[in-house]
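J.: A structural model of the following input is requested.
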Amino acid sequence: MGLCPFHGEKSPSFSVSPAKQFYHCFGCGKNGNAISFLMDHAGMTFVEAVKDLAQQYGLQVPEDDVSPQDRAKAAQMREQQATLTSVLEKAAVAYIKQLRVSERAIDYFKGRGLSGEIAKTFGLGYAPEGWRSLASVFPDYNDPLLVESGLVITGEAGEENTQGEAKRYDRFRDRVMFPIRNVKGECIGFGGRVLGDEKPKYLNSPETPVFSKGRELYGLFEARTALREHGYALVTEGYMDVVALAQLGFANAVATLGTACTADHVQKLFRFTDSVVFSFDGDSAGRRAARKALDAALPFATDVRTVKFLFLPAEHDPDSYIREHGKEGFAAYVSKAVPLSRFLLEAAAEGCDMDTAEGRAHMASNARPLWSLLPDGALKHQLLAEMADQVMIDSRELLQLWQPATASHKGSYKNNSSSRPSNKDGKPNSFKKPAPRQDIVEFPDYPMNLHEEVDYSSSEPYFAPPAVTGDKGSARRFARPAGGPAARRAA
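T.: Numbering: from 1, shown residues only. Here you go, the predicted structure:
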């Protein structure tokens with residue numbers, strides 16, 4: 001019996017039965033097996049969960065449509081990724097140890113209101129000054145894995161040292177460190193922030209085989225339980241926002257890694273929650289970032305999901321807003337976030353004079369690509385009606401403008417004589433009855449008029465009369481008596 005990972009509790013209520021291969025929480029009711037646990041707790045898909053379990057036990061998931069070469073390449077990639085994460089984990093431990101002995105770094109975190117408990121939760125650390133500090137951590141500083149993991153930078157050609165070797169130095173120097181973890185909790189990269197005002201203020205790990213900033217979210221691993229408790233994910237723009245919000249009671253915050261929100265980010269978030277709130281600064285840069293987030297979120301905005309946009313006052317970030325207005329004040333502000341539907345209409349109408357026909361037409365043109373990104377459902381139909389009201393045309397006419405192919409297909413059933421080709425006199429050509437096909441065999445005895453009345457008063461089957469000898473008998477054997485069922489009964 002232990003503490004449940006799916007909800008906050010102080011008394012253990014989570015039971016696991018190894019014999020039954022089953023878990024159950026007596027507090028929140030969550031239950032399932034190893035696969036469902038990884039899907040619910042780590043946000044994995046079914047296939048990802050099966051592969052993860054197989055990898056832990058050295059098994060290989062059979063894939064019929066994969067060639068032996070591709071299978072070997074995939075196995076090599078998995079081994080490489082495991083090696084890189086172990087290198088990064090070792091560096092993370094070293095940065096944590098350096099934080100404990102650096103008064104400057106400790107004072108910085110204390111000045112931002114962070115406690116030791118929060119620092120431990122997020123594994124915060126410090127990269128000391130010096131060009132080759134990691135040389136004391138890794139026995140072989142020339143190991144190619146240090147460059148491949150993004151921890152070490154090699155100099156350009158012509159920058160060799162006195163021994164003729166390429167220059168190598170630490171990427172992160174004199175920065176507080178934020179380890180970036182994937183949904184399984186593995187360290188896949190770092191973000192570093194200067195303690196003063198030097199530039200660049202933030203520095204991320206480069207793209208590596210285990211880290212892609214367009215797919216990963218900082219703090220998602222740490223926020224898994226809080227996402228279920230709060231019921232939504234709060235997407236911010238920086239590491240410190242995430243850590244500070246967790247300190248102040250909003251552990252459901254995550255952050256993009258120095259890049260605009262992508263479709264991969266949104267898809268990953270919706271594995272953990274059905275509600276996402278994007279938080280941005282209220283200035284023009286924040287609006288541009290929100291617009292990119294809107295484009296990324298639209299394909300996933302189904303009828304059972306909620307996407308909202310929160311624009312903070314220009315003088316505030318989430319951290320400063322909570323400190324000034326309190327936890328309840330920030331929660332109330334979040335509850336008033338702009339729904340996706342309203343922000344979409346605002347984005348489409350931006351720069352358009354809605355008092356003129358030209359401005360309304362411009363808005364319709366802006367709205368079309370946004371509306372087309374939405375999945376089919378009630379939300380998409382409602383937005384079509386709202387857009388039609390704003391541009392002052394019927395929703396069916398607006399749909400015909402946006403989907404001319406569908407409209408022309410429906411209109412092809414109309415009998416429009418003006419669309420017929422004309423002859424030399426300018427008059428529409430009359431349609432001629434096509435000539436009968438010569439390759440069709442006709443049966444003169446078969447009743448071709450299917451609309452005439454047929455006598456169904458008797459349903460007894462017809463049996464051909466016995467064959468008559470002679471040449472005419474063979475003809476009579478296959479001839480169908482004329483006159484219909486009544487004539488056959490009379491015979």
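
J.: got the buried residues for the helix or strand hosting residue 110?
T.: Secondary structure from DSSP states H and E places residue 110 in helix 103-111. By neighbour count with 16 or more other C-beta atoms under 10 Å, helix 103-111 contains the buried residues 105-106, 108-109. For glycine as for every other residue, the C-beta is placed from the backbone atoms N, C-alpha and C.

J.: Go through those and say which is closest to residue 131.
T.: residue 105 (18.4 Å; C-beta to C-beta).

J.: The closest one touches residue 194, doesn't it?
T.: No. Here residue 105 does not reach residue 194: they are 11.0 Å apart, not a contact under C-beta atoms under 8 Å.

J.: Mind jotting down where the strands sit in the stretch 151-300 of the chain?
T.: Using DSSP state E, counting those that start in this stretch, the strands found in the stretch 151-300 of the chain span residues 152-154, 168-170, 175-181, 187-194, 202-204, 233-236, 253-255, 275-281.

J.: Those strands into a markdown table, with extra columns for distance to residue 354 and mean neighbour count?
T.: A markdown table is the format used below for those (distance: least, C-beta to C-beta, whole Å; neighbours: other C-beta atoms under 10 Å):
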| stretch | distance to residue 354 | mean neighbour count |
| --- | --- | --- |
| strand 152-154 | 53 | 18 |
| strand 168-170 | 56 | 19 |
| strand 175-181 | 44 | 25 |
| strand 187-194 | 43 | 22 |
| strand 202-204 | 40 | 19 |
| strand 233-236 | 30 | 27 |
| strand 253-255 | 36 | 26 |
| strand 275-281 | 25 | 22 |
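
J.: Turn these into CSV, including distance to residue 363 and mean pLDDT.
T.: Formatted as CSV, those follow (distance: least, C-beta to C-beta, whole Å; pLDDT from 0 to 100):
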stretch, distance to residue 363, mean pLDDT
strand 152-154, 49, 93
strand 168-170, 52, 92
strand 175-181, 40, 97
strand 187-194, 40, 95
strand 202-204, 37, 92
strand 233-236, 27, 95
strand 253-255, 33, 95
strand 275-281, 23, 93
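
J.: Packing partners of the biggest helix by length in the chain?
T.: Among the segments of the chain that qualify as a helix by DSSP state H, the longest is helix 68-100. Contact analysis of helix 68-100 by 3 or more C-beta pairs under 8 Å, 6 or more residues apart in numbering; DSSP states H and E lists helix 103-111, strand 125-127, helix 144-148, strand 175-181, strand 187-194 as its packing neighbours.

J.: Show me what the fourth one is in contact with.
T.: For strand 175-181, the external contacting residues (C-beta atoms under 8 Å, 6 or more residues apart in numbering) are 88, 92, 95, 99, 105, 108-109, 122-127, 187-195, 203, 205, 211, 216, 218, 220-222, 239, 243, 257.

J.: now with 6 Å?
T.: Applying C-beta atoms under 6 Å, 6 or more residues apart in numbering, the external contacts of strand 175-181 come out as 92, 95, 105, 123, 125-127, 187-194, 218, 221, 239.

J.: Equivalent analysis for the third one, please.
T.: By C-beta under 6 Å, 6+ apart, the surrounding residues in contact with helix 144-148 are 87, 152, 154.

J.: ok, now the last one?
T.: Where contact means C-beta under 6 Å, 6+ apart, the residues beyond strand 187-194 that reach it are 88-89, 92, 172, 175-182, 201-205, 210-211, 239.

J.: before we move on, back to that, to residue 307, which of the helices and strands packed on helix 68-100 lies closest?
T.: Of the helices and strands packed on helix 68-100, nearest to residue 307 by C-beta to C-beta is strand 175-181, at 24.1 Å.

J.: Can you tell me the strand partners of the closest one and which way each runs?
T.: strand 125-127 (antiparallel), strand 187-194 (antiparallel) (DSSP bridges).

J.: can those go into TSV with extra columns for distance to residue 28?
T.: Listed next are these as TSV, based on distance: least, C-beta to C-beta, whole Å:
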stretch	distance to residue 28
strand 125-127	34
strand 187-194	29
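
J.: nearest to residue 1, of those strands?
T.: Nearest to residue 1 among the strands paired with strand 175-181 is strand 187-194; the distance by C-beta to C-beta comes to 30.2 Å.

J.: can you give me the angle that closest one makes with helix 68-100?
T.: Angle between the axes of strand 187-194 and helix 68-100 is 40 degrees (criterion: axes from the mean of the first three to the mean of the last three C-alpha atoms, to 10 degrees).

J.: Distance from strand 187-194 to the middle of the chain?
T.: Its chain's average C-alpha position is 24 Å from that of strand 187-194, according to C-alpha atoms, centre = their mean, to the nearest Å.

J.: With only the CA atoms kept, save it in CSV.
T.: Extracted C-alpha coordinates of strand 187-194, given in CSV (Å, rounded to 0.1, in the frame of the first residue of the first chain):
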residue,chain,number,x,y,z
CYS,A,187,16.8,13.9,-18.3
ILE,A,188,17.0,14.8,-22.0
GLY,A,189,18.5,18.3,-21.8
PHE,A,190,19.0,21.5,-19.9
GLY,A,191,18.0,25.1,-19.7
GLY,A,192,20.3,27.6,-18.1
ARG,A,193,19.7,31.1,-16.9
VAL,A,194,22.3,33.7,-16.1
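
J.: okay, the angle between it and helix 103-111?
T.: Between strand 187-194 and helix 103-111, the angle comes out at 90 degrees (the same axes, to 10 degrees).

J.: one step back: out of the helices and strands packed on helix 68-100, which is closest to residue 297?
T.: strand 175-181 (22.2 Å).

J.: Show me where the stretch 201-350 of the chain has its helices.
T.: Secondary structure of the stretch 201-350 of the chain (DSSP state H, counting those that start in this stretch): helices at 224-230, 239-247, 263-269, 284-297, 318-335, 340-349.

J.: Give me whichever of these is most buried.
T.: helix 239-247 (a mean of 24; mean count of other C-beta atoms under 10 Å).

J.: for it, packing partners?
T.: helix 116-122, strand 253-255, helix 318-335 (3 or more C-beta pairs under 6 Å, 6 or more residues apart in numbering; DSSP states H and E).

J.: hmm, try it at 10 Å
T.: With contacts defined as 3 or more C-beta pairs under 10 Å, 6 or more residues apart in numbering; DSSP states H and E, the packing partners of helix 239-247 are helix 116-122, strand 175-181, strand 187-194, strand 202-204, strand 233-236, strand 253-255, helix 318-335.

J.: now these in a markdown table, with distance to residue 364?
T.: Formatted as a markdown table, the helices and strands packed on helix 239-247 follow (distance: least, C-beta to C-beta, whole Å):
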| stretch | distance to residue 364 |
| --- | --- |
| helix 116-122 | 47 |
| strand 175-181 | 42 |
| strand 187-194 | 42 |
| strand 202-204 | 40 |
| strand 233-236 | 30 |
| strand 253-255 | 35 |
| helix 318-335 | 32 |
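
J.: nearest to residue 370, of the ones you listed?
T.: The closest of these to residue 370 is strand 233-236. By C-beta to C-beta, the value is 19.5 Å.

J.: What helices and strands are in contact with the closest one?
T.: Under the contact definition 3+ C-beta pairs under 10 Å, 6+ apart, strand 233-236 sits against helix 224-230, helix 239-247, strand 253-255, helix 263-269, strand 275-281, strand 306-312, helix 318-335.

J.: In its sheet, which strands sit next to that strand, and in what direction?
T.: strand 253-255 (parallel), strand 275-281 (parallel).

J.: Which one of these lies nearest to residue 228?
T.: That would be strand 275-281 among those, by C-beta to C-beta, at 11.1 Å.

J.: can you give me the angle that closest one makes with helix 239-247?
T.: Using the same axes, to 10 degrees: strand 275-281 against helix 239-247 is 120 degrees.

J.: now the angle from strand 275-281 to helix 318-335?
T.: On the basis of the same axes, to 10 degrees, strand 275-281 is oriented at 130 degrees to helix 318-335.
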